[in-house]
Every structure is written in structure tokens, then in C-alpha cells.
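K.L.:
Sequence plus predicted model, see below.
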Amino acid sequence: MSTQSFVSSVPWSGATASARLVRSGAAYPGRPGGSESVEVAERVRRRFAADGVEATPAAVVSAVRAEPGAAVLGDTTVLRLADRVHDQLVGAGPLAPLLADPEVTDVLVNGVQVWVDRGAGLRRAPVTLGGPDDVRRLAQRLAAACGRRLDDGQPYADARLADGTRLHAVLPPVATSGPYLSLRTFRQRPFSLGDLVEHGTVPAALAPLLAAVVAARLAYLVTGGTGSGKTTLLGTLLGLVPPTERIVLVEDAAELRPVHPHVVALQARTANVEGAGAVGLTDLVRQALRMRPDRLVVGECRGAEIVDLLGALNTGHDGGAGTLHANAPADVPARLEALGMLGGLPRAALHAQVLAALQVVLQVRRTDKGRVLESVGVLRPAGEQRLVTVVPAWQLGRGPGPGAETLARYLADRGVAVPPILRAAGGARS
């Protein structure tokens, strides 16, 4: 079989997984002319990079074949070399199959080691990236494709790939044994509430309560640690918003993709290389208020924008939502207080604003078996100073808590039927 006919029969969607696993960043041991093969691949890569020619599979194979001495290489070796050059020039390279795996949530690169998380913790992945220079080029190419600078003068970058994958990269010498790459994958098909129940994230008996919170237009925060599933749960709940309402999303990085017919999204922008042009979340929240939102959503509250969000939720924009990093529901008031101070809001005013603006806290947690909704809490005042406290209305493994009656009252006051899980706790109001 000729090389051309052989190439046409090979799927080039980032190359086959088996070919990737045998590829190496060094010479091919035991193969004649192994070091020469590596030199051929490097020359071809440099030529494509210098000429700016599109690195199609056919063009890469032709370029390899045109190299001096390539005539003595077998078809298998040519395909391996072409695969390697293609990976170094296009997309996520050897990491592409991992990012395409629907079970993968995170791909981490430490130097040349690849780690992957499929929901049950990190595991080493049998992927060969070559040497540190190859990883550096991969990181720089991915960052450049997103319009980000990544070099010795700017040794770190935060960007979003075309498919929605979030990229963070750090180069040496800041990354002492790097380069380091952290990629958070993007799920093209959002979860439904039924999916979360099926996966064990949300107990079946609790699903009607979450739907009732959305229907009653209660304002809520989804809280938890990094990677606990906050964005996933928030996006799912936004899909329950009636189609007659308009959702305006404000995000630092576009991650929320709720299944809803009327969603408009605003994304923050970092400064350019001259340090100009930055647009922060605070500015976007203010712009969102002029866009007639029925539901105002801040993807992640982590700065002074919390002041504008609370102000918006206190001026008739009920039913809003957001996510917040917090290790436990009891930590939420302190986190909000710290963020409010960044916006210049005094402590007493912050707590008063929170009590008037927010009603529910949904705490998610990451376990060895996956992500799970750990508790549903309500925000209530405590003490003479009326400081915010989170009272559990439901807890995993414990059932309804002391806040169940308050949550039932919130729902009933807004004309929404109290779910059985609250009625069973005596939380229904006649």
C-alpha cells in the first residue's frame, strides 16, 4: 500500500489513541535511523511554523516525505512523524483525546507528566508529551490561540480554548519543575436535574425542593470548594427557569451554558499587553442591570462585584444566583463579609444587604465517589447585631433541619407548593 493511500485510510481526528501512546519525545528505540527521525520531525515542525502554512494531515505527510533521507523511512514511521508534527502544530496535541473524553473533568501537566481526573481523583495518564520544550511550545500555542501572551516576560496565562476548555499555564522559572498546565474541560451537553439525580449528585427526594426554589424566585448561592460541581449545579438550575424569563449571565470566564431559550452572557476581559482594556465583573454587573434581566446571575462571586450584585437583588431583581467558594455553609457569611469589604461596604451594611437579598445556600462537596449536594440552608439573622447565619433546612444523611420551616414559609409566601421533604418535617404553613 502506498503512503498516500495508507494516510487516507487513517482517521486524523487528533490521531488515533494507540498511535499517541507509542509516540515518544525521544528517538524511537530499536528503529533504524531513530535520531534522524526526530530531526526530520523537528525540521518539518519549524518549517510549518515559519511559513505559516496550514498543517493539514496531507500537508504534514507530504512535508515529511519531502525531507532528505525520508525515502528510506517506512510508511509506519512516516505516519508517526506526521502525527507528532501535527500534534505540535495544531490544537491540544497529545492531550486532545483526554479533553474529548466525556468522563474527564481535569487534565493536569506537571513538566512532562500527565494526570487526569475522571471524577474519582487524579490518576497518571499514559500520554507522552516529549520534553519540557515540547510542553512549553504546546502551552504557548494554546495561549496564543486565545490571544494571551505566554513567555519569559509573562510566565503565566489564564485563557479559554475554542471548545470552552479552561486553560491555565505557568512557565519556568516560576514553575520550578514545569511547565505546568491545568485544563478544566467543558461539557457540551449540560446536565438536567434528572441527570444529577441519576449520577447521585442530588438525592431524588430533594429534586422537587430545588425546582421549587427556582419557581419561587428565591435568590440563592451555590457554594463549595474548587471542583466540587458548583457551576454544574447552577447551570442545571438555570435550565429550570421559565422560558418566558430572560437570564443575564456575568462571568469571569464563560462556563455556564444553561438549556434555556433566552440567555445573554457577558464575559470579563483581561488587559492587553499594554495593560489597557480590562473589563471587570463589577462593570459587567452594572451593565447587566441595564439589559432588563429577569434573573441576574454572577458565575463566581470573588471580588467587589458582590456589592453590586447585592444591590441589584435588593432593587426588584429577585431570583438571582451565583457561586461562591466556601468550605462549609457556616463559612459563607465570613466569605461574603470579606468580599464586601473589597467593595467598601461596612460590615453592618453588608449583613443587612445579604439578609434582604439572599435566601438560600446550596452547599456541594466533592467526595471519592463524585460530587454531591451536601446541604440546603437558609440565611437568617442572629444576635442583637442581626449578623447573617446559615441555618440548615436539609442535610445529607440527616434529613430536614431547623431551617426547614423557614424555607417552607418562603415558598408558601410566593405561592409555590411546599415539597414533601419539607412537609414531612412539619415545615408547611397552613
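P.N.:
Alright, I've got the coordinates.
K.L.:
Just give the closest residue to the spatially most central residue of the chain, not the sequence neighbours.
P.N.:
The centroid of the chain falls nearest to residue 184 when counting by C-alpha atoms, centre = their mean (5.2 Å). Spatially, and ignoring its direct neighbours in sequence, residue 184 is nearest to residue 166 (4.2 Å; C-beta to C-beta, 6 or more residues apart in numbering). To be clear about C-beta, it is placed using only N, CA and C from the backbone, and glycine gets the same treatment.
K.L.:
And that neighbour, how close does it get to residue 298?
P.N.:
The spacing between residue 166 and residue 298, counted by C-beta to C-beta, to the nearest Å, is 17 Å.
K.L.:
ok, the residue nearest to residue 184 - how many residues close by?
P.N.:
17 (other C-beta atoms under 10 Å).
K.L.:
Count the residues that sit near the residue lying closest to residue 304 once chain neighbours are set aside.
P.N.:
Residue nearest to residue 304 in three dimensions, not counting chain neighbours: residue 343, with 3.6 Å by C-beta to C-beta, 6+ apart. Residue 343 has 17 neighbouring residues, counting by other C-beta under 10 Å.
K.L.:
same deal with residue 247?
P.N.:
23.
K.L.:
next one: the one 5 residues further on
P.N.:
Using other C-beta under 10 Å as the criterion, residue 252 is surrounded by 19 other residues.
K.L.:
Number the residues from 552 up from this point.
P.N.:
Right, with 552 as the first residue, what we last looked at is residue 803.
K.L.:
Nearest spatial neighbour of it, chain-adjacent residues omitted?
P.N.:
Excluding the flanking residues, the one nearest residue 803 by C-beta to C-beta, 6+ apart is residue 819, at 4.8 Å.
K.L.:
List the buried residues for stretch 866-875?
P.N.:
868, 869, 870, 871, 872, 873, 874, 875 (16 or more other C-beta atoms under 10 Å).
K.L.:
Residues contacting that stretch, please?
P.N.:
765, 768-775, 781-782, 785, 788-789, 792, 796, 840, 844-853, 860, 863-864, 883, 886-887, 908 (C-beta atoms under 8 Å, 6 or more residues apart in numbering).
K.L.:
Can I have the buried ones of the residues you listed as a ChimeraX selection?
P.N.:
ChimeraX command restricting these to the buried ones, with burial defined by 16+ other C-beta under 10 Å:
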select :765,768,769,770,771,772,773,774,775,781,782,785,788,789,792,840,844,845,846,847,848,849,850,851,852,853,860,863,864,883,886,887,908
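K.L.:
From the contacts of stretch 866-875, which land in strands?
P.N.:
771, 772, 773, 774, 775, 846, 847, 848, 849 (DSSP state E).
K.L.:
Using JSON lines, lay out these together with pLDDT and distance to residue 823.
P.N.:
Output for those, formatted as JSON lines (pLDDT from 0 to 100; distance: C-beta to C-beta, whole Å):
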{"residue": "771", "pLDDT": "95", "distance to residue 823": "36"}
{"residue": "772", "pLDDT": "95", "distance to residue 823": "33"}
{"residue": "773", "pLDDT": "95", "distance to residue 823": "32"}
{"residue": "774", "pLDDT": "95", "distance to residue 823": "33"}
{"residue": "775", "pLDDT": "92", "distance to residue 823": "33"}
{"residue": "846", "pLDDT": "94", "distance to residue 823": "32"}
{"residue": "847", "pLDDT": "93", "distance to residue 823": "28"}
{"residue": "848", "pLDDT": "92", "distance to residue 823": "27"}
{"residue": "849", "pLDDT": "89", "distance to residue 823": "24"}
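K.L.:
what residue ranges in the stretch 552-701 of the chain score low on pLDDT?
P.N.:
Within the stretch 552-701 of the chain, the ranges that satisfy pLDDT under 70 run 552-593, 595-612, 615-626, 628-642.
K.L.:
quick one, strands of the stretch 652-801 of the chain?
P.N.:
Using DSSP state E, counting those that start in this stretch, the strands found in the stretch 652-801 of the chain span residues 657-661, 664-668, 673-675, 707-711, 717-721, 731-735, 771-775, 798-802.
K.L.:
Pick the most deeply packed of these.
P.N.:
strand 771-775 (a mean of 26; mean count of other C-beta atoms under 10 Å).
K.L.:
Paired strands for it, with orientation please.
P.N.:
strand 872-876 (parallel), strand 911-918 (parallel) (DSSP bridges).
K.L.:
for the shortest one, what is the average pLDDT?
P.N.:
The reference is to strand 872-876. Strand 872-876 carries an average pLDDT of 92.
K.L.:
and residue 827, that one's in a helix?
P.N.:
No: according to DSSP: H, G, I helix; E, B strand; the rest coil, residue 827 belongs to no helix; its state is coil.
K.L.:
Phi first, then psi, for it.
P.N.:
Dihedral pair for residue 827: phi -120, psi 160, per degrees, to the nearest 10.
K.L.:
Any idea how many residues pack against it?
P.N.:
There are 7 residues near residue 827, going by other C-beta under 10 Å.
K.L.:
Could you find the closest non-adjacent residue to residue 858?
P.N.:
residue 894 (3.3 Å).
K.L.:
mind listing what the one you found touches?
P.N.:
833, 854, 855, 856, 857, 858, 859.
K.L.:
Measure how buried residue 761 is and give me the count.
P.N.:
23.
K.L.:
wait, it sits on residue 753?
P.N.:
Yes: judged on C-beta atoms under 8 Å, residue 761 makes contact with residue 753 at a distance of 6.8 Å.
K.L.:
intersection of neighbour lists for these two?
P.N.:
In contact with both residue 761 and residue 753: residue 744, using C-beta under 8 Å, 6+ apart.
K.L.:
what about residue 870, which SS state?
P.N.:
coil.
K.L.:
So this protein: which segments form each domain?
P.N.:
554-640, 644-735, 744-974 (automatic domain parsing).
K.L.:
Next, the distance between the ends of the longest one.
P.N.:
Just to be clear, that refers to domain 744-974. With C-alpha to C-alpha, to the nearest Å as the measure, domain 744-974 spans 21 Å from end to end.
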